[in-house]
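Engineer: Sequence plus predicted model, see below.
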Amino acid sequence: MDRAWKWKIGGVVFLVLLSVYALLPTILGIQEQRETLRAENKPAPFYFGLLPEKGLNLGLDLRGGIYTELEINLEDALFRRVNITVQELVREAEKKNQAPTTWDLKKDLTLVATFSDPKNRDAFSDRALKDYQIIDGNAEYVFERHSAQENPISVTLGIPDRFKESLKKEVVRQAVQSVRNRIDRYGLAEPTVQRQGENRIVVELPGIKDPGRALNIVQQAGVLEFKLVDARKTPVELSELIRTTREKNNQPVDAYGYEDVKKLNEWIDSSIPAGTEVAFELVRNETMGEVVGANPHLLDQRAYVTGDMLQSARVDYQNNEPYVSLTFNNDGAKAFGDLTKAHVKEQLAILLDGNVHSAPVIREPILTGQAQIDLGYGNRAQLMKEAQDLTLILQEGALPARLTVATKTVVGPSLGKDSIEKSLNSLLFGLSLVVLFMVIYYRWSGFLANAALLFNTLFIFALLAMFQATLTLPGMAGIVLSIGMAVDANVLIFERIREEIAQGQAPRSAIANGYGNAMRAILDSNITTVLAAAVLYQFGTGPIRGFAVTLMMGITCSMFTAIVMTRLIYEYFLTAKRITRISV
């Protein structure tokens, strides 16, 4: 046999072995075993390191999991960002004894600050208008003068529209990145996180076993704040004010959600001291963890210490009960130390996402830069899971905006398994029909085409595994279609060979002419289909792209198996076996 053909055979054998190697994690279930061992913190067997890290990546519809679209609350994000900047501005003014006696950031993002001395007002407004800007490509000033007429002891500042628009873009970008980071830290395999439209994030979590917990980690804002409790209204007075206000506005007594509390604060704004707000400390059933009540707290709106000042968060134990230990960075440690030193014997509320987690009394100054969040008592495993989730959220930092679930679809594992079974059945049924037809019509050459068809299917799955392309139900449809098209090239070649034999050509000449004459038609038909699939991939969305990817891979593999592999086998029998007749 010609040495060149030996190299070609060696190359084909290498590709087959490489394809089998790429699919070994899927065939042997190595990927699932790896995930189980990681979850249990157990070492993997040594031979796992010899195999590919990942196998065939199944999509949400085949593996089960959760699909959700999260809507970004941009209005809330803008208010929070500007509020942080205002507090920084006030702190700078305090250092120079130029702080306002009162200040209020309105919902329309206008800042009204009142001063006892007009000079302080001028210094405050000059600093706000000239020094406060966020540089992201281009400098954008945070504040602008809201009106030309000013009260001698007050100033009203607004926010430019250009700054609002640039801030919205930044918030969306950060939200997508924060969600992606949380999912990566959670340890999920092959998640999909992408922006959709102006203010939505699409999240796909295939193979997730606890969708509720995963969605809570992704969605939870993770805003950590330390605020002082205002004692100017007793708990009884505050509870009575909340009760009557809710009755007047037809709000349920158990409405403790973010939007409900936000509305409540708007309604009672004129009935509570300026610069304060109401927040609730939720009371949960220790057995089921359900909310059974809430204690209201009147708090200073100013957050003296925030999660942005955290250096680390970890799970620790006290009396065999888990809690979250917090360590602040230098700025946070100083702010926390100054706060506790100046307010000994006052209550300090620890808030997470607007809810009071606890409100202990400051017994002495805390200068170590450390604090803790107690999780109470109850089921230890449940508390441990809660502590781990909270630590993950705090470590990754707060989301730049609150996320609400716009749509959610949970695909159960049994449904995914049923989809795989039906897809494989259709795949096998179509394959059987093609195999049977080829054997009956083209005899021994039909067996040759069928062998190429099997290798074609192997190559498709191997390419999907190597490039980590996600296999979905539409993708399975693309594979089924490519199987039907895979023998198209062989049919063209076999018909050309038949014509050459009918004209009296010898086997070697008939095969050479058959492949040569069929090549143009094969290339025309397959390139046209690849171009159509490329258009589908470019302009289509998820399912359509999955179909296009597998179709392009199937056509590419079918051309290789039909043109290279089948001819290689013909050459082997012509050269090594010296056949004098072709069964076609």
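Structural biologist: Nice, thanks for sending it over.
Engineer: right, and the helix or strand after the helix or strand containing Ala548?
Structural biologist: Under the criterion of DSSP states H and E, Ala548 resides in helix 542-560. As assigned by DSSP H and E, the chain's next helix or strand after helix 542-560 is helix 566-575.
Engineer: List of residues touching the helix holding Ala548?
Structural biologist: 59, 456, 459-460, 463-464, 469-479, 481-483, 485-486, 488-489, 522, 526, 529-530, 533-534, 536-537, 540 (CB atoms under 8 Å, 6 or more residues apart in numbering). Using the backbone N, CA and C atoms, a C-beta is placed for each residue, glycine as well.
Engineer: In PDB, could you pull the C-alpha coordinates for stretch 55-62?
Structural biologist: As requested, C-alpha coordinates have been extracted for stretch 55-62 and formatted as PDB (Å, rounded to 0.1, in the frame of the first residue of the first chain):
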ATOM      1  CA  GLY A  55     -17.900  16.100  28.500                       C
ATOM      2  CA  LEU A  56     -21.000  16.700  26.400                       C
ATOM      3  CA  ASN A  57     -22.800  19.900  27.700                       C
ATOM      4  CA  LEU A  58     -26.600  19.300  27.800                       C
ATOM      5  CA  GLY A  59     -28.900  22.200  27.600                       C
ATOM      6  CA  LEU A  60     -31.700  23.200  30.000                       C
ATOM      7  CA  ASP A  61     -34.400  21.300  28.000                       C
ATOM      8  CA  LEU A  62     -32.400  18.000  28.100                       C
END
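Engineer: from the chain's centre, how far out does it sit?
Structural biologist: The chain centroid and the centroid of stretch 55-62 are separated by 16 Å, computed with CA atoms, centre = their mean, to the nearest Å.
Engineer: re earlier: so for the helix holding Ala548, what gets flagged as buried?
Structural biologist: By 16 or more other CB atoms under 10 Å, the buried positions in helix 542-560 come out as 542, 545-560.
Engineer: try stretch 451-464
Structural biologist: 452-453, 455-464.
Engineer: What is the nearest of the residues you listed to Asn249?
Structural biologist: Asn249 has its nearest neighbour among these in Leu464, at 56.5 Å by CB to CB.
Engineer: show me the contacts for the closest residue to the closest one other than its chain neighbours.
Structural biologist: The shortest distance from Leu464 to any residue other than its chain neighbours is 5.5 Å, reached at Leu471 (CB to CB, 6 or more residues apart in numbering). Taking CB under 8 Å, 6+ apart as the criterion, Leu471 is in contact with 56-59, 62, 464, 546, 550.
Engineer: Which of these fall in strands?
Structural biologist: Secondary structure of the contacts of Leu471 is defined by DSSP state E; positions in strands are 57-58.
Engineer: Next one: Glu88 relative to Ala518, how far apart?
Structural biologist: Between Glu88 and Ala518 the computed distance is 74 Å (CB to CB, to the nearest Å).
Engineer: neighbour count winner among the two?
Structural biologist: Neighbour totals were compared for Glu88 and Ala518, and Ala518 leads with 21 against 11 (other CB atoms under 10 Å).
Engineer: Kindly reformat the contacts of Leu471 as JSON lines containing pLDDT.
Structural biologist: Formatted as JSON lines, the entries for these read as follows, by pLDDT from 0 to 100:
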{"residue": "Leu56", "pLDDT": "80"}
{"residue": "Asn57", "pLDDT": "77"}
{"residue": "Leu58", "pLDDT": "76"}
{"residue": "Gly59", "pLDDT": "73"}
{"residue": "Leu62", "pLDDT": "72"}
{"residue": "Leu464", "pLDDT": "86"}
{"residue": "Gly546", "pLDDT": "77"}
{"residue": "Thr550", "pLDDT": "84"}
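Engineer: about what we covered before: buried subset of the contacts of helix 542-560?
Structural biologist: Among these, those that count as buried by neighbour count (16+ other CB under 10 Å) are 59, 456, 459-460, 463-464, 469-479, 481-483, 486, 488-489, 522, 526, 529-530, 533, 536-537.
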